[in-house]
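*Asks:* got a predicted structure here, sequence first:
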Amino acid sequence: MDQIKHTYIQVNGLKLHVAEIGSDSSPAVVFLHGFPEIWYTWRHQMVAVANAGFRAIAPDYRGYGLSDIPPEPEKSSFIDFANDTASILDSLGISKVLVVGKDFGSMIGYLFALHYPQKLAGIITLGLPFVPPGSHNMYLALPEGFYIRRWMEPGRAEADFGRFDAKTVVRNVYILFSKSEIPIANENQEIMDLVDPSTPLPSWITEEDLAVYGDLYHKSGFKTPLQVPYRTILDKTSYPQQSLNDLKIDAPALFIMGEEDYVINFPGIKEYVNSGEVKKYVPKLEIVYVPKGSHFVHEQFPDQVNKLLLGFLNRNKC
């Protein structure tokens with residue numbers, strides 16, 4: 001971990017934090033985190049790919065971690081994050097990159113692929129497949145207490161999270177998202193109440209790891225993270241304005257999913273992936289399930305995930 005260097009890059013009017021390891025002349029891999037994560041979620045992968053001869057780059061999005069909070073977080077959008085990613089790469093002099101995205105970072109990665117295809121050598125996503133515009137309406141089919149529906153509502157999550165310090169919020173989300181059940185609260189219950197305070201952390205994340213997340217969310221707060229992804233997740237404007245039939249990612253792609261990831265139980269997702277319908281949009285997609293894997297499969301089983309990543313990266317390095 002000590003060999004990972006930390007820099008700040010001025011991008012689109014904001015100073016964004018970037019963690020990096022590996023030679024500047026090596027093929028570049030950009031890692032895009034999800035929630036409740038920041039760059040640190042990729043600690044196992046960054047060292048592994050750097051040791052294998054790649055340059056690993058993991059930014060904190062605007063409003064996350066050590067990056068600047070935008071002046072109006074409530075106006076942040078998915079396309080802002082994709083454009084920031086492209087600008088970071090331009091600042092570093094990187095013309096072609098391999099992208100790795102986790103959770104909603106997969107959405108950022110695919111938007112990057114659609115808007116900047118000339119910059120993409122290949123894309124790996126974990127925990128969330130490519131879904132076309134409009135498909136996120138599936139969330140509205142779940143009960144009112146579904147965590148995404150709750151966090152879409154301005155003020156609801158702020159009041160819920162505000163009862164705890166940032167470290168406890170991250171702890172609770174890690175515990176919830178490590179289960180195979182979709183987090184759904186009862187009518188008179190908040191999402192944070194779904195976790196008993198005595199519940200231990202999953203065995204693969206330590207109190208020291210949690211402290212890193214807690215400190216960084218204490219700095220950034222949750223205003224931007226609640227905006228992107230949750231309050232813009234139904235917005236279609238970040239996608240290129242073209243028909244669904246023309247919406248394709250032609251680059252090589254790999255989708256890694258834990259067999260016990262709760263996201264696979266979202267309405268229609270399992271059928272969409274297993275039927276191969278997803279390949280209508282990502283024709284060169286390879287799909288791999290990790291036995292016993294949770295939503296945090298890259299932290300839970302880093303050696304297995306690193307092997308999959310390196311196999312793909314070595315086949316498609318630019």
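*Replies:* Cool, got the structure.
*Asks:* wait, doesn't residue 78 sit right on residue 234?
*Replies:* No. The criterion here is Cβ atoms under 8 Å, and residue 78 misses it with residue 234 at 10.9 Å. C-beta here means a position set from N, CA and C on the backbone, and glycine is covered the same way.
*Asks:* between these two, which has more neighbouring residues?
*Replies:* Higher neighbour count among residue 78 and residue 234: residue 78, with 20 against 15, using other Cβ atoms under 10 Å.
*Asks:* distance-wise, check that one relative to residue 228.
*Replies:* Using Cβ to Cβ, to the nearest Å, we find residue 78 at a distance of 6 Å from residue 228.
*Asks:* ditto for residue 265
*Replies:* Taking Cβ to Cβ, one finds residue 265 at 24 Å from residue 228.
*Asks:* out of the two, which sits in the busier spot?
*Replies:* Neighbours per residue, other Cβ under 10 Å: of residue 265 and residue 228, the larger number sits with residue 228, 26 against 13.
*Asks:* any chance of the backbone angles for the more buried one?
*Replies:* phi -120, psi 110 (degrees, to the nearest 10).
*Asks:* contact partners for it?
*Replies:* Contact partners of residue 228, counting by Cβ atoms under 8 Å, 6 or more residues apart in numbering, are 61, 63, 76, 77, 78, 80, 81, 104.
*Asks:* which of the residues you listed lies closest to residue 208?
*Replies:* residue 61 (23.3 Å; Cβ to Cβ).
*Asks:* ok, that closest one - contacts?
*Replies:* Per Cβ under 8 Å, 6+ apart, neighbours of residue 61: 16, 33, 67, 81, 84, 108, 224, 228.
*Asks:* the first one: neighbouring residues, count only.
*Replies:* The number of residues packed near residue 16 is 25, by other Cβ under 10 Å.
*Asks:* out of the contacts of residue 61, list just those in strands.
*Replies:* Among the contacts of residue 61, the residues falling in strands (DSSP state E) are residue 16.
*Asks:* so of the contacts of residue 61, which ones are in helices?
*Replies:* 81, 84, 108, 224 (DSSP state H).
*Asks:* by neighbours, which of these wins?
*Replies:* That'd be residue 108 among the ones in helices among the contacts of residue 61, by other Cβ under 10 Å, with 29 neighbours.
*Asks:* got a list of what that one touches?
*Replies:* Residue 108 touches 32, 61, 78, 81, 82, 85, 101, counting by Cβ under 8 Å, 6+ apart.
*Asks:* if we can go back for a sec, export the contacts of residue 61 to a markdown table and tack on distance to residue 303 and pLDDT?
*Replies:* Output for the contacts of residue 61, formatted as a markdown table (distance: Cβ to Cβ, whole Å; pLDDT from 0 to 100):
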| residue | distance to residue 303 | pLDDT |
| --- | --- | --- |
| 16 | 30 | 98 |
| 33 | 20 | 98 |
| 67 | 30 | 98 |
| 81 | 29 | 98 |
| 84 | 31 | 98 |
| 108 | 26 | 98 |
| 224 | 33 | 98 |
| 228 | 31 | 98 |
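*Asks:* list just the nearest of the contacts of residue 61 to residue 162.
*Replies:* Nearest member of those to residue 162, counting by Cβ to Cβ, is residue 224, at 15.8 Å.
*Asks:* any chance of the ones in helices among the contacts of residue 61 in TSV, plus distance to residue 12?
*Replies:* Shown next, in TSV, are those (distance: Cβ to Cβ, whole Å):
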residue	distance to residue 12
81	10
84	6
108	14
224	14
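*Asks:* and the two most separated of these?
*Replies:* Maximum distance among the ones in helices among the contacts of residue 61 (Cβ to Cβ): 13.4 Å, for 108 and 224.
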